[in-house]
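Chemist: attaching a predicted model along with its sequence, questions to come.
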Amino acid sequence: MLVSWSASEGFAPQEAEARPSRCPDNSAFKQQRLPAWKPQLTIATVLSTFFLTGAFCLSVGICLILSANSVREIQVYKCSDCSKLRENSYNWNIECLCSVDFKLKEDMLGDVFMYYGLQNFYQNHRRYVISRSDAQLLGRDVNRSYCAPFTTYNNGTPMAPCGAIANSMFNDTIDLFYNFNSSVIQVPLLKTGNSWWTDKNVKFRNPQSHNLSSAFAGTARPPYWQKPVYLLDEEDERNNGYINDDFIIWMRVSAFATFRNLYRRISRKRHFADGLPAGNYTFHISYNFPVTKFKGKKYVILSTMVWSGGSNPFLGIAYVVCGAAATLTGFIITAIHLKLRKKKTYFQK
Amino acid sequence: MLRAAGPRRLLSLASWLLRPQSNCIKTSKYNIVTFLPVNLFEQFQEVANTYFLFLLILQLIPQISSLSWFTTIVPLVLVLTITAVKDATDDYFRHKSDNQVNNRQSQVLISGVLRQEQWMNVRVGDIIKLENNQFVAADLLLLSSSEPHGLCYIETAELDGETNMKVRQAIPVTSELGDTSKLALFDGEVICEPPNNKLDKFGGTLYWKENKYPLSNQNMLLRGCVLRNTEWCFGLVIFAGPDTKLMQNSGRTKFKRTSIDRLMNTLVLWIFGFLVCMGVILAIGNAIWEHEVGVCFQIYLPWDEGVHSAFFSGFLSFWSYIIILNTVVPISLYVSVEVIRLGHSYFINWDKKMYCAKRRTPAEARTTTLNEELGQVEYIFSDKTGTLTQNIMVFSKCSVNGHSYGDVQDVLGHKAELGERPEPVDFSFNPLADPRFQFWDPSLLEAVKLGDPHVHEFFRLLSLCHTVMSEEKSEGELFYKAQSPDEGALVTAARNFGFVFRSRTPKTITVHELGRAITYQLLAILDFNNIRKRMSVIVRSPEGKIRLYCKGADTILLERLHPTNQDLTNVTTDHLNEYAGEGLRTLVLAYKDLEESYYEDWSERLHRASGAPEAREDRLARLYDEVEHDMMLLGATAIEDKLQQGVPETIAILTLANIKIWVLTGDKQETAVNIGYSCKMLTDDMTEVFVITGHTVLEVREELRKAREKMMDASRSMGNGFSYQEKLSSTKLTSVLEAIAGEYALVINGHSLAHALEADMEVEFLETACACKAVICCRVTPLQKAQVVELVKKYKKAVTLAIGDGANDVSMIKTAHIGVGISGQEGIQAVLASDYSFSQFKFLQRLLLVHGRWSYLRMCKFLCYFFYKNFAFTMVHFWFGFFCGFSAQTVYDQYFITLYNIVYTSLPVLAMGVFDQDVPEQRSMEYPKLYEPGQLNLLFNKREFFICIAQGIYTSVLMFFIPYGVFADATRDDGAQLADYQSFAVTVATSLVIVVSVQIGLDTGFWTAINHFFIWGSLAAYFAILFAMHSDGLFQMFPNQFRFVGNAQNTLAQPTVWLTIALTTVVCVMPVVAFRFLKLDLKPELSDTVRYTQLVRKKQKTQHRCMRRVGRVGSRRSGYAFSHQEGFGELIMSGKNMRLSSLALSGFAARPSASWIETLRKKKGGEGSTACSPSGAADKTLKV
């Protein structure tokens, strides 16, 4: 050992000086001593959380239920004669008109919205959802491979707009008539302003050309369409082609197989300045969209609106239940804490 | 001796026809060309990587591609690149170290001339010349050396960890071959055993000039040894490269995996199975749906080309669902786990409290993949020398003629801190004093100066009775070469007190007694051995008196004293007990005057006995026994085998943490037991210490059986009335100390261990050993160390940690789950083989109790959360499947799917995984029981996993059905449709991000600024990216890729959407809060309690110390402390080793680096057969 002493101690100091210090920094980060907030679940915080949450949920729930109750909504099932006709796809060009009468027992005050509802229409099917070309809808002529299976015709003519979504566009026309003192008044309906601003102004744009029909030259309408896209609204240039509101709304696919899309808003003029007065009404429907084929149904819906949207009671009820549960849990926790907890949860020393 | 497959022949250099085994080693894996293919091949052997590659291929098939390919390729490429860079760096360093070792120079005798050759060019059969302090390049047969009689000294520390020097001797016929011309003519043939890993055995025969000469280990220089104190020597290469004993002995390097890793892999497989199940369910759903509904829907959505039946559509949809549901096993899991481990490793490297200022070495996590296993250790296997002890012997106390010297004269109590100590005794009167020697009691020096005859005799004995060699480079500059550090310490003590051992010849010893040179005639050395446990010298003083000086173990020596010593014996025994109680190694010193006539007679008989052909040993022993009788007691010495700092405290705390510590040492039983006591592993409170020393299988079995029976009996008798359970529960919180009341200890010897480790006894041994509080295995070989570890690993299913400092610990370090090397010392092989290294044993407690515990906790919390968040995320698709015709439509935007795991949720959970702390570090030390959850694997196991999964699925159900309930038929406040797909996607995604963020907030127990930044930052990033992705600009550029344009601003402006998000959050989180609180309230964990105590204390603003420190308990016991071996006495008396050149010492300081040893050892692992040329035990013949 003596030998090794002389050996190791002989050069250790020199070596030490030659090397830079290897001592780690004394920083709070490296020493894991960063200041930190150490939250803990204490009875006070837990109980206050539960009771406050309970109170919040209950009040929101009640508000929601109350406001949803003021919504007036009426749903009308569409005519069955035409649906039979449309079952046979050979009749596609036969026009079928039907009218549906209904009665409003009380006024629908405020803005009234007209929807068409579809049931069992799987707009959320993966292959359906991806079957569109947003570049085309933006007025660009690009490859339409996204649109399969509705891309081109056998002769190579591209479809405009292409894709399964566009092809299956809802194409009934619905008019509403008010039977007022044995005279029939057509309810004025607004067909624009129903879509999102961003959709109308950013997402959809017609191809640039001197007029719309030439912009779509060289393309053909989708197979199920009765008229080409540049004739969707011949009256209003700013509602024609891809930027047609009905088209835009249809192109915004629904998350579920049962859905409703906004079709028209009631123009609050003259008789209808305050909404729809109570009385007898008739829908005149040009029935084009077949639903029986896929075992679906369609409706026409009239509804008013509040701050939380239309009449869906789910949210309000859910809030009330949740609030009640939170409050109840708060009480249960209090009881358990008082009765059952371990007496010694910390060291006394 | 083993004579396996066939003898190996070595022939002379003359015929170079067969170029035999080269000395080249190769540990690297790749070269520039092979790197990419080999590395990629290796990486794709990882199941995870292959799985993601498979997914990627699936995504490229358009019919089933439900997600864009980039959702998989981005993370996959990232992972592959990171791993490849890491592998390349590692291999670069391996190349470097290979080259360094292979290009070392050695002198090879080629056709009569010494030439410098690189190590890799050394072949079997070459004769090479070694010089002092050089590493031995291959296994050599020693032919001749500069020292007389062909002796040469080697240090084998790299091989077996023993730091004392060993002697090797050339066989007489070759020892004459001192110069190159004679050696060049050497044409012997060696037949020897095939390469093996037995370091202490070698068998072979040299055929030369028609004669046969047997060869033994005594003639061999093994690769890895260092030549010491020998100017030069020549050796014949017997084994080279991978055949050398060093290489053969290096354990296999296994890629270590943590138990969490293995669990994780199992779970990933389960999840994969779950994924397939979901896929099947949804595929069946798809087939039915297409059959019932999809068929009718074909006018609007015809089936894809090639799809003709609902069944086939279902088949395709299965793969599509596999793709979109794959996020339950995200690739980012593996990356994140690695990142967290890396972070923890850095914290270990950065820890100032694990930095040893003295050795200037910080702790180092050399493996970054094992951190959380540090929190689960149940067994620690520790080396002794250099790990528990410093391998420095200090003459600390002595008792002379009934007076004890050496207590520190200190008013503040005898265990004063270093700074408070008084000045050490001044030895300046003595020009020959060793300046490094320190002694604290001036009264001993005064006694010497006053001429106390007893004290003089005491030191005279110390200066005469030993086998130390001295060396005087210049006048007064003495160097002692002691075989054991104990002896060195004793002789040095005598030197400083004025009895300087100056020089010796075979027949004389010259001592400077207080400045006066006196030469004693050395008549006999009665050497030490294990049975005698004492050594004596018989000297004739210049006055002509013959005296026997003896030192030895108290147990032996006290029986051999003259009866008149009774009173003195009693006092001395008290002192001995006192010393032993302090953990000192004690020796008793005695002398005896011999009559001239008696000596003549005895010496005559001794001469005859030593010449006797048979039973020489016995006859000698009897003669020794006879003369060492009726001795006069002089006193006792106490040597401190200096423990490393804080060893007893560390062991106490680790024991409290329920970690079992086994000491595995190559040292002697006595020494090992002694250290066991001094570091409080063994205490006198223990019921019994079983010592197993049997030499045969039957003996060992019998001893083990007896030990077990005794323990059973005791527990049966104790069991009445006081159940162990009660004891446990009562001690659980208040006093963890009492739980370790010492019971039994087991000491087992190497040769017994060899039997105990045999297949039919190992279970028995393990059971016995595990029932004991402490286990000490002494005299064990490196391989046995590894076997013991393997045994525990195999049967106990517990996490093992091995800690050691020397080459002899390498195999154990590699075998254990976690290997720790003590760094900052001379040898670095242990460090290079280790997973963690630091320079003090005491840092182990911090490594385990603080870093390990936190790592485990963090990793478990991380995994729980990670699985939770991915199930919550992915299962939504499953529920949505029932509403979208099982068409594999995703709920979310594809960018959300890509970024969810990478950006939105990765950083908060990473921050938690890196920074979280449940209790402050001091508390981990105060309450070692906090370590237990890790050992019991409580925080992340299959049960916890299912809870996480259940929570994830619960969340996903709410995440889907609440928005569904709200959105169905709902409209916006402006009358437009609310339930469009894109709005739904945004709503679900937003509420998911918010819910998982709230959840991580609940999980995070330690909110540093970084946690705040990451959690709030992730939320902010989500909204920022959401608006960016839905912005006009991106849409204008890539209209088909960014279809969600304007969605964020339109959807998130709806109060209904926000109410939905709020409701989802509340419903998802509140039950968790309630459960957590109730668990805390009704069944608190120890850590909860500790944390709560903190809170309460902070409020009370009082400070308490909670744990009693471990007191120093004196233990009455004595031990024998020779750590050297028999045989030097004979050498001295024969005068063989007397010519030691001073040159031999001069170059001592310049020790070559030892890193190549590691390279050699590593080589065994992984690519065991990549040595440059194949080895084998086949006959090889060449002529020298």
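Modeler: On my side now, so go ahead.
Chemist: tell me the pLDDT at residue 152?
Modeler: Unless you meant another one, I'm taking chain A. Model confidence at residue A:152, expressed as pLDDT, equals 87.
Chemist: nope, chain B
Modeler: Among the per-residue scores, residue B:152 holds a pLDDT of 85.
Chemist: make sure it is indeed in a strand.
Modeler: Yes. With DSSP: H, G, I helix; E, B strand; the rest coil as the criterion, residue B:152 is part of a strand.
Chemist: my read: it touches residue B:230, true?
Modeler: Yes. With contacts defined as Cβ atoms under 8 Å, residue B:152 counts as touching residue B:230 at a distance of 4.3 Å. In short, each C-beta sits where N, CA and C put it, glycine included.
Chemist: need the contact list for the closest residue to residue B:83 other than its chain neighbours.
Modeler: Nearest residue to residue B:83 in three dimensions, chain neighbours excluded: residue B:43, at 5.8 Å (Cβ to Cβ, 6 or more residues apart in numbering or on different chains). Contact criterion Cβ atoms under 8 Å, 6 or more residues apart in numbering or on different chains gives B:49, B:80, B:83-84 as the residues in contact with residue B:43.
Chemist: assign residue B:325 to helix, strand or coil.
Modeler: For residue B:325, the reduced secondary structure class is helix; criterion used: three-state DSSP.
Chemist: joint contacts of residue B:152 and residue B:230?
Modeler: Listed contacts common to residue B:152 and residue B:230 are B:145-146; contacts here mean Cβ under 8 Å, 6+ apart.
Chemist: have a look at these two and say which one is more surrounded.
Modeler: Using other Cβ atoms under 10 Å in any protein chain shown, the more surrounded residue of residue B:152 and residue B:230 is residue B:152, with 29 against 25.
Chemist: quick one, longest helix in chain B?
Modeler: If each helix of chain B is counted by residues according to DSSP state H, the longest one is helix B:70-102.
Chemist: contacts for the helix or strand just after that one?
Modeler: Toward the C-terminal end, the helix or strand that comes next after helix B:70-102 (DSSP states H and E) is strand B:105-110. The list of residues contacting strand B:105-110 from outside it, by Cβ under 8 Å, 6+ apart, reads B:13, B:114-119, B:121-122, B:126-131, B:134, B:137, B:180, B:183-184, B:234.
Chemist: let's go with 6 Å and repeat that
Modeler: When contacts are taken as Cβ atoms under 6 Å, 6 or more residues apart in numbering or on different chains, the neighbours of strand B:105-110 outside the stretch itself are B:114-117, B:119, B:126-129, B:137, B:180, B:183.
Chemist: now the next helix or strand along the chain from that strand, how far from the centre of its chain.
Modeler: Using DSSP H and E, the helix or strand that directly follows strand B:105-110 along the chain is strand B:113-118. Chain-centre distance of strand B:113-118: 39 Å, with Cα atoms, centre = their mean, to the nearest Å.
Chemist: same question for stretch B:902-910.
Modeler: Computed by Cα atoms, centre = their mean, the separation of stretch B:902-910 from the middle of its chain amounts to 34 Å.
Chemist: do the same with stretch B:972-989
Modeler: When distances are taken as Cα atoms, centre = their mean, stretch B:972-989 is centred 59 Å away from the chain's centroid.
Chemist: ok, which pair from the contacts of residue B:43 is furthest apart?
Modeler: Taking every pair in these and measuring Cβ to Cβ, the maximum separation is 11.3 Å, between B:49 and B:84.
Chemist: residue B:228 is in contact with residue B:152, isn't it?
Modeler: No. The pair residue B:228 and residue B:152 does not pass the contact test of Cβ atoms under 6 Å, sitting 8.5 Å apart.
Chemist: show me what residue of the stretch 151-300 of chain A gets nearest to chain B.
Modeler: Going by Cβ to the nearest Cβ, chain B is nearest to residue A:198 of the stretch 151-300 of chain A, at 2.6 Å.
Chemist: that residue sits in which helix or strand?
Modeler: helix A:197-198.
Chemist: who's in contact with that helix?
Modeler: residue B:1046.
Chemist: go again with 10 Å.
Modeler: Contact with helix A:197-198 is made by A:204, B:1030-1032, B:1035, B:1045-1050, as judged by Cβ atoms under 10 Å, 6 or more residues apart in numbering or on different chains.
Chemist: so how far is that helix off the chain centroid?
Modeler: Its chain's average C-alpha position is 14 Å from that of helix A:197-198, according to Cα atoms, centre = their mean.
Chemist: need the nearest residue in space to residue A:284, chain neighbours excluded.
Modeler: Leaving out its chain neighbours, the residue that sits closest to residue A:284 by Cβ to Cβ, 6+ apart is residue A:175, at 4.4 Å.
Chemist: how many residues are close by that neighbour?
Modeler: A total of 15 residues lie near residue A:175 under the criterion other Cβ under 10 Å.
Chemist: kindly report the same for residue B:792.
Modeler: Residue neighbour count, defined by other Cβ under 10 Å, stands at 24 for residue B:792.
Chemist: ok, now residue B:944?
Modeler: In terms of burial, residue B:944 registers 16 neighbours under the definition other Cβ under 10 Å.
Chemist: just list the residues touching it, thanks.
Modeler: Under the contact definition (Cβ under 10 Å, 6+ apart), the residues listed for residue B:944 are B:860, B:863-864, B:867, B:937-938.
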